[in-house]
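S.K.: Quick one, what's the 3D model for this:
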Amino acid sequence: MTEEAGTGELRQARLEIARLRAEAARLARQADDAKRLLRAERAKSAKYAEQVRELRRSSSWRLTKPVRAVKRRVASLRRGR
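M.R.: Presented below is the predicted three-dimensional model:
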């Protein structure tokens, strides 16, 4: 292999390394963004779960339990179960 060919290959390899480093940095930023989004969505989910727990502990939820049971039973009878 000539020195010129070796230099050209070295230059190409360096360019490829630079390209791969840039791609790795882009993917790392994308992963960080996804992690932030996931944390935010988990926080929202926890908030909504707490709201559901509060609703189910409420007196109105407990008082309407028989009504919801009748509604489910009527719906299942309409479906033929």
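
S.K.: going forward, measure contacts between C-alpha atoms and count neighbours the same way
M.R.: Fine.

S.K.: quick one: low-confidence parts of this structure?
M.R.: The chain contains residues with pLDDT under 70 at 1-3, 5, 81.

S.K.: Do you have the helices of it handy? List them.
M.R.: 3-57, 59-63, 65-78 (DSSP state H).

S.K.: Mean neighbour count for these - can I get that in a markdown table?
M.R.: Output for the helices of the chain, formatted as a markdown table (neighbours: other CA atoms under 10 Å):
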| stretch | mean neighbour count |
| --- | --- |
| helix 3-57 | 12 |
| helix 59-63 | 11 |
| helix 65-78 | 11 |
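
S.K.: So for this structure, which residue is the most central one in space?
M.R.: The centroid of the chain falls nearest to residue 38 when counting by CA atoms, centre = their mean (4.9 Å).

S.K.: how close does it sit to residue 9?
M.R.: From residue 38 over to residue 9 the distance is 43 Å, taken as CA to CA, to the nearest Å.

S.K.: Also residue 34?
M.R.: As defined by CA to CA, residue 34 lies at a distance of 37 Å from residue 9.

S.K.: same thing with residue 22?
M.R.: Going from residue 22 to residue 9 by CA to CA gives 20 Å.

S.K.: same question, residue 50
M.R.: Using CA to CA, one obtains 61 Å as the distance from residue 50 to residue 9.

S.K.: Please tell me how far stretch 74-81 is from the chain's geometric centre.
M.R.: Centroid separation for stretch 74-81 versus its chain: 37 Å, with CA atoms, centre = their mean, to the nearest Å.

S.K.: Same question for stretch 56-67.
M.R.: Remark: stretch 56-67 is offset 33 Å from the chain centroid, using CA atoms, centre = their mean.

S.K.: What separates the first and last residues of it, distance-wise?
M.R.: Its start and end residues considered, stretch 56-67 measures 14 Å (CA to CA).

S.K.: Residue 60 and residue 67: what is the separation?
M.R.: Residue 60 is 11 Å from residue 67, by CA to CA.
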